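Undergrad: what follows is a protein structure lacking sequence information:
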Ligand SMILES: [Cu+2]
């Protein structure tokens with residue numbers, strides 16, 4: 001007499017259940033950390049194999065709460081690279097010319113507008129891989145362009161270069177890039 005359809009079904013279910021129980025007893029509970037633990041284990045073996053120092057274990061909660069892409073990897077601290085609108089060490093303000101600035105209009109400068117006290121300075125840092133200028137005025141045809149400040153067409157702000165200007169009188173000063181005149185910003189001096 002054969003097993004029949006029901007018999008086979010029960011047998012397959014029984015084998016499946018037995019397999020699951022055996023795997024559970026052998027490997028244990030496979031939870032959300034299983035694959036990351038496996039990767040850590042594999043990495044440890046590979047590091048030993050290639051004579052590399054062990055991976056430092058990050059325990060600083062401040063660092064763990066910072067997404068990896070925002071960590072300052074070199075210094076291994078939670079030095080978050082915010083769009084710098086901050087006050088720099090000399091008490092002046094910092095403005096970034098952001099990556100891809102030439103097509104970003106009034107988003108080319110961060111922060112924009114920037115507020116500064118009379119007697120305070122603003123330092124622009126070019127974080128784009130294209131050279132720019134920071135030139136006071138509303139645009140190329142402004143007769144007063146460059147009167148308050150101009151980083152200059154002969155001394156272009158290449159990637160990583162900075163330009164600073166100290167503001168002596170209150171007022172709102174528009175500025176732009178002479179190479180890409182659609183890049184516009186404003187300094188509010190009070
Ligand atoms: Cu430009």
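TA: Noted; the coordinates are in hand. In this text the structure is predicted, and so the values were computed from the model without any measurement.
Undergrad: give the next helix or strand downstream of the helix ranked longest in the chain.
TA: Scanning the chain for the helix with the most residues, using DSSP state H, yields helix 4-27. Later in the chain than helix 4-27, the nearest helix or strand by DSSP states H and E is helix 34-49.
Undergrad: list the buried ones in that following helix?
TA: Of all the residues in helix 34-49, not one is buried under the rule 16 or more other CB atoms under 10 Å. C-beta: built from backbone N, CA, C; applies to glycine.
Undergrad: are we agreed that residue 174 is in a strand?
TA: Yes - with DSSP: H, G, I helix; E, B strand; the rest coil as the criterion, residue 174 is located in a strand.
Undergrad: assign the closest residue to residue 109 other than its chain neighbours to helix, strand or coil.
TA: Nearest non-adjacent residue to residue 109, counting by CB to CB, 6 or more residues apart in numbering: residue 185, 3.9 Å away. Residue 185 falls in the strand class when you classify it by three-state DSSP.
Undergrad: thought residue 185 was touching residue 173?
TA: No - using CB atoms under 8 Å, residue 185 makes no contact with residue 173, being 9.3 Å away.
Undergrad: between these two, which one's more packed in?
TA: residue 185 (25 against 21; other CB atoms under 10 Å).
Undergrad: could I get the pLDDT score of the residue nearest in space to the middle of the chain?
TA: Closest residue to the average C-alpha location of the chain: residue 70 at 5.1 Å, with CA atoms, centre = their mean. Residue 70 is assigned a pLDDT of 70 by the prediction.
Undergrad: ok, now how distant is it from the ion?
TA: 27 Å (CB to the ion, to the nearest Å).
Undergrad: show me what contacts the residue nearest to residue 109?
TA: By CB atoms under 8 Å, 6 or more residues apart in numbering, the residues touching residue 185 are 95, 106, 108, 109, 112, 113, 114, 134, 174, 175, 176.
Undergrad: would you mind naming the residues that bridge with it?
TA: Going by DSSP bridges, residue 185 is paired in beta bridges with residue 175.
Undergrad: pLDDT wise, what is it at?
TA: 96.
Undergrad: also residue 98?
TA: On the pLDDT scale, residue 98 gets 94.
Undergrad: so it touches residue 109, yeah?
TA: Yes - in this structure residue 98 lies within contact range of residue 109 using CB under 8 Å: 7.3 Å.
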